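**Q** Quick one, what's the 3D model for this:
(2 chains)
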Number of protein chains: 2
Amino acid sequence: MEVEFLKSLIIPAQTKMAMLIMDGLGGLPLEPGGKTELETACTPHLDALAELSALGLTIPVGPGITPGSGPGHLAIFGYDPIRYEIGRGVLEALGVDFDLGPDDVAARGNFCSIDQDGLITDRRAGRLPTVASQELAKLLQTIRIEGVEFFIRVVREHRFAFVMRAPGLGDALTETDPQKIGVPALPVSALHPDSEKSSQLANQFVQQARRLLADKYPANMILLRGFARYPTLPTYPELFGLRAAAIALHGMYRGVARLAGMQVLPVAGETLADEFTSLEKNWPDFDFFYLHVKKTDTAGEEGDFERKVRVIEEVDALLPRLMALKPDVVIVSGDHSSPAVLKSHSWHPVPTLIYSKYVRADGIAEFGERACGRGNLGTLPAKDIMPIALANAGRIAKLGA
Amino acid sequence: MEVEFLKSLIIPAQTKMAMLIMDGLGGLPLEPGGKTELETACTPHLDALAELSALGLTIPVGPGITPGSGPGHLAIFGYDPIRYEIGRGVLEALGVDFDLGPDDVAARGNFCSIDQDGLITDRRAGRLPTVASQELAKLLQTIRIEGVEFFIRVVREHRFAFVMRAPGLGDALTETDPQKIGVPALPVSALHPDSEKSSQLANQFVQQARRLLADKYPANMILLRGFARYPTLPTYPELFGLRAAAIALHGMYRGVARLAGMQVLPVAGETLADEFTSLEKNWPDFDFFYLHVKKTDTAGEEGDFERKVRVIEEVDALLPRLMALKPDVVIVSGDHSSPAVLKSHSWHPVPTLIYSKYVRADGIAEFGERACGRGNLGTLPAKDIMPIALANAGRIAKLGA
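**A** Okay, the predicted model is just below:
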């Protein structure tokens, strides 16, 4: 079902919806027959909510496909993640809270090392300290080329987000990173006539950067890859008539939420509890809240089963603060699985619950992978969750007479 | 999800995959509330494997659609069976191990009986003995027409595969079999301009065949139907980077596997055990093995519930030989259901398991229709099984950042 079809049926309502996303929520047992992270965690509040909810397992992109955070979030937000793509450069810029616009082409940048012949000797410039990168970024920010603006924002260590801003820039561009050492950086080439101007501008920038950095070894050159334009998604206000808000501690998630037309709320602090405080404070002013928990994924990617369990338990302990707001609809899910045993994102379906007064509750008092596998939502595409949640929020009209 | 999209994410790996297909595996109970063939069978090894596997029910083509062996196999091989069609003529030629090529148009042929006015009196020529058909086929093989080659291969009794080989032949052709007696055979007509040449050649062949067979009553004429070109599927090596092998005792299954780019392995003998011996012998040389068991379907189609149970038990007893090879991923499924009570193929979803170290195991120690219906794969399109299996084999890259 396309979002355009859904849009045609949207009606207004006074209901409030909350989507609690534990990043990389889905897991695997440490040993065959054992329990997953979520099944291991002691989660009395999630279990009690599950009993009143419809349970299911969501497939973010497609069977067997391991999603990055971009596609994973697009899917749980209700967008077809194959139709709407977010390029790597865009994610990098979103990750540093850069306010991307429709005239922007973004890329991932690296400081790197070259020798006197221009051959790359270290693609990461010895992972130079973030503070050193900050200084060099200021230098690059002085580059001026007629008719275009450049933005350089350090991410961490040798990595930075690179943005060109001018009307009509295409993003069909090759990368300058040859992905190996002992060879020179590649020039940017246009893969489509609409990107000729972009390629010229990017190449001019790289040449000037090389001159400016000439005496800054080991960071005496830059590499650019993953060029991508700001993608235009139909937004939550346009599609669903929702005043939507996002609460997240990391830039990339705030950025993807902003793409979907959500207003990013300030969080006074860096803890999970601070995120819930922001939720409580802003509760009267929005119809829909997306609240993102990053640390489940971080623990999963680091292979730390026990820490992922504890993060889930921490979220569970905070759940009563969300429920005390009396939301009409609650979604608890993840953007993808990140089993600690795999130390990475994975393709496994994601445990998901939808709570509302009008949901057909499964009566299963457990929130876990196998419990959700028995739920009446079945195993379904993640993008189908929002339509079901909107229906429970009284926001979808009857189709036909 | 299209196979082209999947292809874009394929990465190499050292893993080995095995797909064990019991033809017509799915069944029905003899009486309401009873057990199916698979549920009745004593299958300790399949049950033990099921406990470590993700279970589900696969829909080969679509809800309510009863697949032939062609679409059923395409689907479990990962192809959309509606997009990729294998014509009946092609299946007949594959069934006799004819090595079809891209310049070929194939049809199903029948010897039939006509009276002195040319009206059909028996569409099957009294089901003449195979040996008699062989003699007549040699006669037909003498027909020569400029610019085209003809191939006649007897299938059984009155049936033969007919192949025309020439560049640029279309297959949009009407059939000559009027499907009733007392009327003459129909001429072949082109349904599209690209098939004019084919229709002329087929009609010339039929005229010459009638003259050659004039004194061969009851087999004094032929009928042709199901004209179809060799379909070009993207192959396993191209799509998935898999060195794939097929083990099957019947030509049609070998043929479909060959269409998918699998190398057909020799089997020294005609038993199931011989197929497993071929698997063991060739294990080091391929990444993917398809092993086909025909007798489950034959028993189902003949309405022999007990024999189908015994064949399943025979497969179960051989399963340890596959598991001893330590495959990284195992799929056990069928190409469709063939319940003995229906004595035919059916539309019912097919019990399916995927085993690997990284599968989210259901912990259900039973391989059967109802057990699989409770599995976390849910009820899913058969074509989704290969992507999940490839993910478990570490052969699909992450999508996006």
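**Q** Please count neighbours and contacts with C-alpha atoms only from this point.
**A** Fine.
**Q** how would you label the residue in the stretch 101-250 of chain A that chain B sits nearest to: helix, strand or coil?
**A** Here the stretch 101-250 of chain A gets closest to chain B at one residue, A:G226, 10.1 Å apart by CA to the nearest CA. Under DSSP: H, G, I helix; E, B strand; the rest coil, A:G226 falls in the strand class.
**Q** since we're on it, how many residues are nearby?
**A** Around A:G226 there are 23 other residues, counting by other CA atoms under 10 Å in any protein chain shown.
**Q** list the contacts for it?
**A** Contacts for A:G226 (CA atoms under 8 Å, 6 or more residues apart in numbering or on different chains) come out as A:G87, A:R88, A:G89, A:A106, A:A107, A:R108, A:E175.
**Q** neighbour-wise, which of those residues leads?
**A** Result: A:A106 is most packed of the contacts of A:G226 (other CA under 10 Å), 30 neighbours.
**Q** so which pair among the contacts of A:G226 is furthest apart in space?
**A** By the measure CA to CA, A:G87 and A:E175 form the most distant pair in those, at 13.0 Å.
**Q** returning to that earlier point: just to be sure, which of the contacts of A:G226 are found in strands?
**A** Residues of the contacts of A:G226 located in strands (DSSP state E): A:A106, A:A107, A:R108.
**Q** May I see these organised as CSV, with pLDDT and distance to A:D362 added?
**A** Formatted as CSV, the ones in strands among the contacts of A:G226 follow (pLDDT from 0 to 100; distance: CA to CA, whole Å):
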residue, pLDDT, distance to A:D362
A:A106, 97, 45
A:A107, 97, 46
A:R108, 94, 45
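**Q** Spatially nearest residue to the single nearest residue of the stretch 201-350 of chain A relative to chain B, not counting backbone neighbours?
**A** Residue nearest to chain B within the stretch 201-350 of chain A (CA to the nearest CA): A:W347, separated by 7.0 Å. Leaving out its chain neighbours, the residue that sits closest to A:W347 by CA to CA, 6 or more residues apart in numbering or on different chains is A:T66, at 4.1 Å.
**Q** Report how many residues lie close to that neighbour.
**A** Using other CA under 10 Å: A:T66 sits among 28 other residues.
**Q** Residues in contact with both of A:G87 and A:E175, list them for me.
**A** Common neighbours of A:G87 and A:E175 (CA under 8 Å, 6+ apart) are A:G226, A:F227.
**Q** May I ask which helix or strand encompasses the closest residue to chain B within chain A?
**A** Closest approach between chain A and chain B, counting by CA to the nearest CA: A:G64, at 3.9 Å. For A:G64, there is no host helix or strand (DSSP states H and E).
**Q** residues in contact with it?
**A** Contacts of A:G64 (CA under 8 Å, 6+ apart): A:W347, A:H348, B:D384, B:P387, B:I388, B:A389, B:L390, B:A391, B:N392, B:I396.
**Q** do that again at 10 Å, thanks
**A** Residues near A:G64 by CA atoms under 10 Å, 6 or more residues apart in numbering or on different chains: A:346-349, B:6, B:384-392, B:394-398.
**Q** One more: A:V293?
**A** Contacts of A:V293 (CA under 10 Å, 6+ apart): A:20-25, A:247-250, A:253, A:271-272, A:275, A:311-312, A:315, A:334.
**Q** Equivalent analysis for A:L239, please.
**A** Neighbours of A:L239 in contact, by CA under 10 Å, 6+ apart: A:V3, A:E4, A:F5, A:L6, A:K7, A:S8, A:L9, A:I10, A:L233, A:A260, A:G261.
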